[in-house]
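Student: Here is a sequence with its predicted model. Questions after.
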Amino acid sequence: MQADDLSPSRIEKAKEYLLGFTRSFEKIPVGYIIFSGKAFLLSPLSSDIEGIRELIRKTDTESIDQTKKDASGTNIWDAILLALETLRGKKGEKHIVLMTDGRANVGIDPRIVAEEARKQGIQIDTIAIWSASGSSLSYIDEVGKRQFFYDGSGNTLSADIDKPLLEELSRKTGGTYFSWEKWILIKDA
């Protein structure tokens, strides 16, 4: 979410979308989970939508210290599992909105936990935050210098997302897949 291939950055674009989603949930209890290599519950289910919105506004790329052991990467399995645990025992319609800017590159295959969501009748909508440009991922550091993201071999990382996986997670659970481009069309409709 630190990359700036979307203006002004992926994290700010993600927050914009989440804040838009919360307008639809004024009367529905909502929880808030952030994740990278691990998932963290920032708010259990709550009807305090303005409180959830404030947590979203305050979320930034420092909200998870990715220098800690096992904290970096994209662990979609862990995020869905924590959402399922949060929803356990709750009555009524249950729904997960999963937003990511990366590939599931740590943790267990998220298809397994999505199957559990399906069995429980929980839809998963997936939202991809990324640029289809394929450009090298970079950001401006605290001293104003452009820094690039590199893989383990020293090659620069490009904008990339596992669209087939996100589509499958949604399809398997009766949810919907949204991408950056598709979301704009829906938002402007």
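Tutor: Alright, I've got the coordinates.
Student: what about residue 169, is that helix, strand or coil?
Tutor: helix (DSSP: H, G, I helix; E, B strand; the rest coil).
Student: Please tell me how far it sits from residue 76.
Tutor: 8 Å (CB to CB, to the nearest Å). The C-beta positions use only the backbone N, C-alpha and C, and glycine is treated the same way.
Student: State the mean pLDDT of stretch 170-186.
Tutor: Averaging pLDDT along stretch 170-186 gives 72.
Student: overlap in contacts of residue 169 and residue 76?
Tutor: 98, 110 (CB atoms under 8 Å, 6 or more residues apart in numbering).
Student: out of the two, which sits in the more crowded spot?
Tutor: Taking other CB atoms under 10 Å, residue 169 and residue 76 do not tie; residue 76 has more neighbours (30 against 27).
Student: Contact partners for that one?
Tutor: Taking CB under 8 Å, 6+ apart as the test, what residue 76 contacts is 35, 98, 100, 104, 107, 110, 165, 169.
Student: Touching the host helix or strand of the second one from outside, list them.
Tutor: Taking DSSP states H and E as the definition, residue 98 sits inside strand 95-100. Strand 95-100 is contacted by residues 14, 17-18, 21, 74, 76, 79-80, 83-84, 87, 117, 122-129, 161, 166, 169, 175 when judged by CB under 8 Å, 6+ apart.
Student: Using CSV, write down the CA coordinates of it.
Tutor: Taking Å, rounded to 0.1, in the frame of the first residue of the first chain, the C-alpha atoms of strand 95-100 are listed here in CSV:
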residue,chain,number,x,y,z
HIS,A,95,-20.3,-10.4,4.5
ILE,A,96,-16.6,-9.8,4.1
VAL,A,97,-15.1,-7.1,1.9
LEU,A,98,-11.4,-8.0,1.2
MET,A,99,-9.3,-5.2,-0.3
THR,A,100,-5.7,-6.0,-1.3
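Student: Just give the strands next to that strand in its sheet, each with its orientation.
Tutor: If you go by DSSP bridges, strand 95-100 pairs up with strand 123-128 (parallel).
Student: Show me how far the strand it pairs with is from its chain's centre.
Tutor: 9 Å (CA atoms, centre = their mean, to the nearest Å).
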